[in-house]
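Enquirer: Next come a sequence and a model predicted from it.
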Amino acid sequence: MLAVGTGLYHRSARERCIRPGHPRSYSLLFSRPVNPDVESAIERLEREGVLSSERARPLARAARGELISLWAELRVALYAGVILIVTGAGLLIRQNLDRIGPLAIAVGLGAAAVGCLAWVVARAPAFSWGEVPSPDLAFDYVLLLGALLAATDLAYIEVKFTALGASWPLHLLLVAVFYAVLAFRFDSRVQWSLALTTLAAWRGVSVRFLDREPWNWWGDPVVRANAIACGLAFALVGWLLARYRRKAHFEPVAVNLGWLLVLGGLASGALQGSSQSGWAAFSLLLLAVAIGVAAVAFAGGRLVLFAMGCVGAYAAISRLVVETLHGDQAVFAWFSLSAIAAVVGLVAAQRRMKGRA
Amino acid sequence: MRTDAAVADRNNAVRTAAREWLGLDAEMLARIDALYPDDRSRAGPVFRVLLFAFALLAGGAATGLAGVVAESPWVAVVMGVVLLAATELQVGAWRRADGGAEAATALLGVILLAAGTVLELEQLFQPREVVLARVAFALAAAACCLAARRWGLSFLGVTGAVALLALLATFPGGRGLWLAVAVIGAVPLLRATTARRFPPSHRLAFAGALVILLGAGYLALNLWSLDSGWIEEIGDHPPGADAWLRALAVVATAALPLLTLAAGIVRRCRLLLWTGAAMAVASVVTLRHYVHLGPLWLLLAVAGALLVALALAVRRWLVAAAGGERWGFSAEPSAAGQRLERAAASAVAMAVLTPEAPPAEPKPDMTPGGGEFGGGGASDSF
C-alpha cells in the first residue's frame, strides 16, 4: 500500500469523466473500485475514528484504483533487462568467438563491467554493518549487471587463456569471493545469494535446480558430501552473522540455503536404491537432522525452515517404512494414512505457532 | 458461496489490506480486527503449500488403495465424490479457508470425477475418442466453476477456463471459438473482477479466468500460432488460414498488446498491464520468428538495455511529478511489492544466474564448444 501522505488529492479521472445521463459510460474505460470491500471499510473506519481523514484519503484512493504503485513493475523490468543483457553478452561471445578475437572480447566485457561498478561506487552510501537502503532504483541492478559481466569476463579469460591451468574450477571460488565482497560493501541480498551458490558450485554442488530432476541433484557421493559440508558452513556463517550483528539481515539466506543443502544431501543418500550401502544410515541421519531443524524452527517461528524439516522427516520415515512393506496395498495405505497424519500434525502446529504470535 | 464464508472472506480482505497500510499501530489493528472479525482458520503461504502437498498425496494414495482393493471402474467417481464431500466438510463445518488442504481435495475431486465418468462412458458405450475428450473437458470446466462458486477457491477459475478452452479446441473451428469466447467473456469478467456483489475470492477467480481468456484470444490471432496451427493441433484438426485471416493476424499480433497495455494504463489495472506486457513479449518473439532483425545476441542486449532505460525513464517521470504521481501512477514502494521482491529476487538469482558446477572430474576443454561458461550467469557453453 502506498505511503500515507502521498501527494495531494487530485480530482480523479473517474470523477472527471462522469457525464450526466450516462452514469455507466465511463465504467469500462476508467477505473472502478478495485477492492470495493476495502473501500467501504476505509469509509467506515474513518467514520468510527479508527483512521484520520488525512490517513484515510490516500488509502481510499488506492482501494478505488485511482492510485497504483508501479514500484514492483519497474523492479521486474530492471531485473529482466539485466538478465537479457547478460544473456546477450554470453551469446555474443559464443557466436563471435573467432570473428571478434579473444582480446577484444575480454577487454570489452571488462570495460562494461568496470563502467557498471564505477557507477555503483560513485552512488554508494557509506558502508554499514546494518541494513542500508538503496540510493537509487537502478542501484541493485547495475551492481548485479556489473558483477555478472565481470564474472563472465573472468570465466572467459580462464577458459581462453587457461590462467589457472588444471585448477580451473578455482575461478568459481574467486567469483564467489568477489560476489561476497560486493554483497557486503553494497548491502545486496541478491549478490549474497549468488556468492553462496557460486561457492557451492566451486565444490561441484549445482544449485541450479531448474536444470535437473529433483532425484538427480547430487547423486555422486563426493558431491553429496560437499553439499552437506557447504550447507553446514553456510548455516554456521548465517548464525555468526546474526550472533555478531554483521549484516544480520543476510542470515536467513545463508541459513535457509545451508539447511536446504544439508537436508538435500542427506535425502539424496537416503533415496538411493536399496542395493546401495548406507541408505539406512542416511535415512536415520536425515530423520534426526530434520526433526532437529523443524523443532528449532518451530520454537523460533521460522516457517521456511520448519517446512524443510517436516518434508525431510517425512521423506526419511517413509523411506524406512516403505522398505519393510510388501505389496501395493501396504504402500498405498502407508502414504494415505501417513499423509493424513501429516496434515493433522501440520494444522496443529500452525495453530500453536499462530497462538504464540 | 456459503454466506458465512463470504462474510469472512470480505472481512479477511479488509484485515489483510490493513496490515499493508503503513503507520498503523497494534491498537488500531486490534480495533480493525474487532470491527471485521474472521472466524475462518487460515494458513500462511508456507503452511498452505505444505498442506496442499500432503493432502494431495493423501488423496492420491487413498484413491490408489481403493483402486487396488476394489478393482472397480467406479472407484475414481466414488473417490471424486468423497474428496468433494471432504472439501465441503473443511470449508463448512471446520471453517477452513486459504488452508491448502481443501484446495487439494477439491482439485483432486474434480479431476477424479471427470476422469472416472469418462472411463465409465468408455466402458459402457465405447464412443469415439474425441467425444470422450469433450465430455471430460466439459465436466472438468463445469465442476471447476461450481467448486469455485461454492468454496471460493480462486485457482479453480484458471483451471475451469483452461478446461473450457480445451473443450472448444476439440471442435472444428476451435480457433474461432477461442476468439469468440475471449471477446464475449472479457468484458463481463473485467467488470466482475471489481464488482461489489462478489466476495474477494470470487473476484480473484474471475481475474484468473480473464487472464486465461485474454491469452487465448491473443493466441487465436497470433500469426505464428495461426501458421503453425497450435490450436488446431489440440483437436487434431488440419491447420489452414485464408489470406485475409493472415492479414488480420499480422495486425492483431502487433495491435493486441498495445491495446491491452493502453487499457491497463487508462483503467490503472495491474492485471491488464501484466497481460499486455506478456503479449508484447510474445509479439516480439513472433516478429523475430518471421523477420531477421539482427543477430540474437544483439536483440537480447538491445531489448535488455531498452527495458532498463524505459524503467528508469518511467520512474524519473513519475518522481518528477507534483506529489510523485501522474495519471494515478506512482513509483513509491508498496509494502506488498517489497515483500514479494525480497522473497523472489534471491530465489530467481539462485535458480537462474548461478553458474553451473564443474563436473566431478575436472577436465578443462579449452576449445570452443567444450567447457561450461560458468560464473557469469549467462550459462552459455562455448
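Expert: In hand now; what should we look at?

Enquirer: Chain A contacts on the stretch 1-150 of chain B?
Expert: B:10, B:13-14, B:17, B:20-23, B:28, B:31-32, B:35-36, B:41, B:43-44, B:46-47, B:49-51, B:54-55, B:57-62, B:64-65, B:68-69, B:99, B:101 (C-beta under 8 Å from any C-beta of the partner chain). C-beta: built from backbone N, CA, C; applies to glycine.

Enquirer: Per-residue confidence, residue A:288, what does it come out as?
Expert: pLDDT recorded at residue A:288 is 97.

Enquirer: That one: how many residues sit nearby?
Expert: For residue A:288, the neighbour count with other C-beta atoms under 10 Å in any protein chain shown is 13.

Enquirer: do residue A:352 as well
Expert: Applying other C-beta under 10 Å, we find 11 residues neighbouring residue A:352.

Enquirer: what about it, which helix or strand?
Expert: Using DSSP states H and E, residue A:352 sits within helix A:328-356.

Enquirer: Out of the residues of the stretch 1-150 of chain B next to chain A, which end up buried?
Expert: With neighbours counted by 16 or more other C-beta atoms under 10 Å in any protein chain shown, these contain buried members at B:10, B:13-14, B:17, B:20-21, B:28, B:31-32, B:35-36, B:41, B:43, B:46-47, B:50-51, B:54-55, B:57-62, B:64-65, B:68, B:99, B:101.

Enquirer: among those, which are in helices?
Expert: Among these, the members found in helices (DSSP state H) are B:10, B:13-14, B:17, B:20, B:28, B:31-32, B:35, B:46-47, B:50-51, B:54-55, B:57-62, B:64-65, B:68, B:101.

Enquirer: Next up, the contacts around residue B:134.
Expert: B:167, B:170-171 (C-beta atoms under 8 Å, 6 or more residues apart in numbering or on different chains).

Enquirer: Which one of these is nearest to chain A?
Expert: Distance ranking of the contacts of residue B:134 against chain A, using C-beta to the nearest C-beta, places residue B:167 first at 28.1 Å.

Enquirer: In terms of helices and strands, where is the closest one?
Expert: helix B:155-169.

Enquirer: who's in contact with the helix or strand that comes right after that helix?
Expert: Per DSSP H and E, the first helix or strand lying C-terminal to helix B:155-169 is helix B:174-192. For helix B:174-192, contacts defined as C-beta under 8 Å, 6+ apart pick out A:27-28, B:164-165, B:168-169, B:171, B:198, B:202-203, B:206-207, B:209-210, B:213-214, B:216-217, B:219-221, B:226, B:231-232, B:234-235, B:237, B:269.

Enquirer: for chain A, where's the lowest mean pLDDT among helices and strands?
Expert: Of all helical and strand segments in chain A, the minimum by mean pLDDT, DSSP states H and E falls on helix A:13-17, at a mean of 36.

Enquirer: distance of residue A:43 from chain B?
Expert: Distance from residue A:43 to chain B, counting by C-beta to the nearest C-beta, to the nearest Å: 11 Å.

Enquirer: didn't that residue look like it was pressed against residue A:60?
Expert: Yes - taking C-beta atoms under 8 Å as the contact criterion, residue A:43 and residue A:60 are neighbours in contact, 7.1 Å apart.

Enquirer: Comparing those two, which residue is more hemmed in?
Expert: Counted by other C-beta under 10 Å, residue A:43 and residue A:60 do not tie: residue A:60 has more neighbours, with 23 against 14.
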